[in-house]
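>>> Predicted model follows, preceded by the sequence.
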Amino acid sequence: MQFAYTIIYVENVPATLDFYRRAFGIETGFLHESNDYGELITGTTKLAFAQHETAQGNLKHAYTPLTQSLAGIEIGLTTSDVPAAYQKAIDAGASAITPPATKPWGQTVAYVRAPEGTLIEICTPIG
């Protein structure tokens, strides 16, 4: 078994892909012609987005949309310059959650919330 992808359900897939490109420089690898599913180029494990309606169709009553008040999931993005990445994300439309700070183990960490509600950790690599 191998971890292949994470799908985050959103209102507008193209707008979400555009935010991640502007905020983090992550390019779109695939966008379905229906605009209801897309993937970012993130290496062997994909970060993907699909419309809420897709989840409701696939999952029926087991699906609850992400809200601004509920984190539910966090994605982590590593960079050597956390303060610059944090500011770039905010300039692209992310909400500031926690400004960059150095943790006792030496890692610099900051948090933002993407426009669609996903909690994003921006951090230096560990080690």
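Sure thing, it's come through.
>>> outside of stretch 32-46, which residues touch it?
3-6, 13-14, 16-17, 20, 26-31, 47-51, 53-54 (C-beta atoms under 8 Å, 6 or more residues apart in numbering). To be clear about C-beta, it is placed using only N, CA and C from the backbone, and glycine gets the same treatment.
>>> Check the offset of that stretch from the chain's centre.
The chain centre lies 12 Å from the centre of stretch 32-46; the measure is C-alpha atoms, centre = their mean, to the nearest Å.
>>> how about that stretch: buried residues?
Neighbour counts over stretch 32-46 (16 or more other C-beta atoms under 10 Å) mark 36, 37, 38, 39, 40, 42, 46 as buried.
>>> now for those residues, which pair is the farthest apart?
The span of the buried residues of stretch 32-46, defined through C-beta to C-beta, is set by 36 and 42 at 19.5 Å.
>>> who does residue 98 bridge with?
Taking DSSP bridges as the rule, residue 98 bridges to residue 111.
>>> Now do the same contact list for it.
By C-beta under 8 Å, 6+ apart, residue 98 lies in contact with 109, 110, 111.
>>> Could you measure from it over to residue 84?
To residue 84, residue 98 is 16 Å away according to C-beta to C-beta, to the nearest Å.
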